[in-house]
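# Predicted model, plus sequence, below.
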Amino acid sequence: AGASQGNGAHHPAEPGRLLSASGTPSTGDPFRWLDGLVDHETSTPGIAEGRLRPGGTSVAGSDIADDELESMRQLCGLLGDPQHAAPVILVTGTNGKGTVATLLTRLLMASGLTVGTTTSPDLGSVLQRVMLDDEPLEAEVLSEALEAVQLAAGALEAPPTRFEALIAAAYRSFADAAVEVMVVEVGMLGRSDATNVADAQVAVVTNIGRDHTPGGPGWEQQVAAAKAGIVRRESTVVLGGMDDELAAVIEAEGPERVVRVGHGLEVDGDQLAVGGHQAELRTEWGIHPEVFVPAFGSWVAPNALLAVAAAEAFFDRALDDEVIDEAFAGVRLRGRAEVLARQPLIILDSAHNPEAVMALADTLSTEFDVVGSRMAVVGLLVGRDPRLIAEALVQARLDSVILTSPPSPRAADLAEVVAAFTAAGLSVESVVDPETALARAMRHTEEEDLLVVAGSMTLLPLARDVIEAILEVDGRGSGQGPEPEFLEPD
């Protein structure tokens, strides 16, 4: 089932002309307004410590403000509370939440529902953050929703952040399109995240890791408590793998039901197959043998399990195996061990914390084999521990690493990153400009080689553009030719 992106209460604007929420002409560029807002995803102060606004309170600490979401609630209220227009599934977690959101969206669509999905951060165009039935929202439709947000924001004491405006626009767009369910990836942690103005019918927590927190004693419990904030008493909670004490923090929110990996949710027989992973997925609702996901990485089957469990929790019944097969066929997980080209083998991955980099390194070491050299281009943001990331990357068996500064004001000090990677025993060189670094890597990559780009989500859009342009000029890597050689599992 699908819904027209313009079938809500508003009419599409003429090219170059915008409509207000009342349907009357207005002037201005909502996208320019959006980009002029404070962007907590790229601004340096406090983000590594999990602060929603520069100078704000830590959402993973003991100083969480009770009114952190009040401005967002007011904004959505002025828009008619669109976040309550359809059931909502919220997905949080340190790693994997984007993958789960994408797979879950496909499962709900294959079940016949119209689905609105919002993810973060930008992996290219901002339009890719707001999706209807797994397709980017049309620019005109998002523009109209943003203008409604801009008009409503004028009544607030302070302007929203860029993230708050985008989430409000996403909820508005989904309500206008009359979607039947919203799949919403939490931006940061959970309790004080702008997405949490919605009430989750199903709340998914993929895992608990150290990201957006300065660490210190009890940091795991603090992160778990922040993520637990998306849980409502009416929610069914789907928990990924985590320690009992962390699961207890989330269960303390008093949800109606909890299903958990290791306690009713299991992956059995995860095997590397040609073009992806195949495994048996077991949930409290059913057993699904030979589920194939056309994607690479040790995280694929566990995230597919969480997506299936979340969909079954939403329907409170088992999914047909045919529905799962239809949903996962042809799925593309952008920026997650994504094979951009085959000759040479080029992989883009958004791994940006030690746990994710460790999983990527394991994937590169066990799932891909090349006869040539193995190179990486890595750019880190401030707040990441370059020592831990370098140590995790050693397992990838890289011949060389080009370190660069990702295109973000949050770029880490390159000299410190170089020192950490050198101390880990990696062969490194530094190229400050990321475009130059990518071009240099491509010049030294032959058809039989492997090149991986990782370290920051902000690096991937540029990497995609630069690499695809070079491949087109060179006439190689078009996706034709033999599949790369995949290692058989032990």
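Happy to help now that I have it.

# for residue 369, phi and psi?
phi -140, psi 140 (degrees, to the nearest 10).

# quick one: contacts for residue 73?
The contact partners of residue 73, by CB atoms under 8 Å, 6 or more residues apart in numbering, come to residue 197. Using the backbone N, CA and C atoms, a C-beta is placed for each residue, glycine as well.

# With residue 234 as the reference, measure out to the residue lying closest to residue 424 once chain neighbours are set aside.
In this structure, residue 424 finds its nearest non-sequential neighbour in residue 390, 3.8 Å apart by CB to CB, 6 or more residues apart in numbering. Using CB to CB, to the nearest Å, one gets 45 Å for the distance from residue 390 to residue 234.

# Compare those two and say which one has the larger neighbour count.
Taking other CB atoms under 10 Å, residue 390 and residue 234 do not tie; residue 390 has more neighbours (26 against 12).

# Near residue 174, how many other residues are there?
Residue 174 has 32 neighbours, counted by other CB under 10 Å.

# That one contacts residue 86, correct?
Yes. If you go by CB atoms under 8 Å, residue 174 and residue 86 touch, sitting 6.5 Å apart.

# Which residues does the helix or strand hosting residue 288 contact?
Element membership for residue 288, per DSSP states H and E: strand 287-293. The contact list for strand 287-293 (CB under 8 Å, 6+ apart) reads 103, 273, 276-282, 300-301, 304, 308, 319, 321, 324-325, 328, 331.

# Now which of those would you call buried?
103, 276-282, 300-301, 304, 308, 319, 324, 328, 331 (16 or more other CB atoms under 10 Å).

# mind checking the end-to-end distance for stretch 134-141?
Stretch 134-141 stretches 15 Å from its first residue to its last (CA to CA, to the nearest Å).

# Show me which residues of that stretch are buried.
The neighbour-count check on stretch 134-141 (16+ other CB under 10 Å) flags 134, 136-138, 140-141 as buried.

# so can I have a markdown table of those residues showing distance to residue 312?
As requested, the buried residues of stretch 134-141 are exported to a markdown table (distance: CB to CB, whole Å):
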| residue | distance to residue 312 |
| --- | --- |
| 134 | 19 |
| 136 | 27 |
| 137 | 28 |
| 138 | 32 |
| 140 | 36 |
| 141 | 31 |
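
# what's the closest of the residues you listed to residue 116?
residue 137 (8.8 Å; CB to CB).

# what about the closest residue to that closest one other than its chain neighbours, how many neighbours?
What sits nearest to residue 137 in space, not counting adjacent residues and going by CB to CB, 6+ apart, is residue 130, at 4.4 Å. Neighbour count of residue 130, defined by other CB under 10 Å: 25.

# Point out the other helices and strands that the host helix or strand of residue 303 packs with.
Element membership of residue 303, judged by DSSP H and E, is helix 300-315. Counting contacts by 3 or more CB pairs under 8 Å, 6 or more residues apart in numbering; DSSP states H and E, helix 300-315 is packed against strand 88-92, helix 97-110, strand 200-205, strand 236-239, strand 257-261, strand 264-273, strand 276-282, strand 287-293.

# What residues of that helix count as buried?
Going by neighbour count (16+ other CB under 10 Å), the buried part of helix 300-315 is 300-314.

# Kindly format the C-alpha coordinates of that helix as CSV.
Provided in CSV are the C-alpha atoms of helix 300-315 (Å, rounded to 0.1, in the frame of the first residue of the first chain):
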residue,chain,number,x,y,z
VAL,A,300,23.1,-7.8,9.9
ALA,A,301,21.4,-10.8,11.4
PRO,A,302,21.1,-9.4,14.9
ASN,A,303,19.6,-6.2,13.5
ALA,A,304,17.2,-8.1,11.2
LEU,A,305,16.1,-10.1,14.3
LEU,A,306,15.2,-6.8,16.1
ALA,A,307,13.4,-5.5,13.1
VAL,A,308,11.3,-8.6,12.8
ALA,A,309,10.6,-8.7,16.5
ALA,A,310,9.5,-5.0,16.4
ALA,A,311,7.2,-5.6,13.5
GLU,A,312,5.7,-8.6,15.2
ALA,A,313,5.3,-6.7,18.4
PHE,A,314,3.5,-4.0,16.5
PHE,A,315,1.0,-6.5,15.0
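
# Leaving out chain neighbours, which residue sits closest to the residue most central in space within the chain?
Nearest to the mean C-alpha position of the chain, counting by CA atoms, centre = their mean, stands residue 98 at 3.2 Å. Spatial nearest neighbour of residue 98, excluding adjacent residues (CB to CB, 6+ apart): residue 119 at 5.3 Å.

# what sits against the one you found?
With contacts defined as CB under 8 Å, 6+ apart, residue 119 is in contact with 98, 101-102, 128-129, 131, 185.

# what's the answer for residue 207, then?
Counting by CB under 8 Å, 6+ apart, residue 207 touches 93-96, 240-242, 355.

# tell me the SS of it?
Secondary structure state of residue 207, per DSSP: H, G, I helix; E, B strand; the rest coil, is coil.

# How about residues contacting the helix or strand harbouring residue 184?
Per DSSP H and E, residue 184 falls inside strand 181-185. By CB under 8 Å, 6+ apart, the residues outside strand 181-185 that reach it are 83, 86-92, 97-98, 101, 104-105, 108, 113-120, 167, 170-171, 174, 195, 198, 314.

# Direction included, what does that strand pair against?
Looking at strand 181-185 with DSSP bridges, its partner strands are strand 88-92 (parallel), strand 115-118 (parallel).

# could I get it in CSV with only the CA atoms?
Output in CSV follows, covering the C-alpha atoms of strand 181-185 (Å, rounded to 0.1, in the frame of the first residue of the first chain):
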residue,chain,number,x,y,z
VAL,A,181,2.7,3.9,11.1
MET,A,182,5.7,6.1,11.8
VAL,A,183,9.2,4.5,12.2
VAL,A,184,11.4,7.1,13.9
GLU,A,185,15.1,6.8,14.6
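
# Taking strand 200-205 as reference, get the angle to it.
Relative orientation of strand 181-185 versus strand 200-205 (axes from the mean of the first three to the mean of the last three CA atoms, to 10 degrees): 30 degrees.

# Tell me where the stretch 51-200 of the chain has helices.
Taking DSSP state H, counting those that start in this stretch as the test, the helices found in the stretch 51-200 of the chain are 70-78, 97-110, 139-153, 162-176.

# With respect to residue 341, which of the ones you listed lies nearest?
From these, taking CB to CB, the stretch that ends up closest is helix 97-110, at 21.3 Å.
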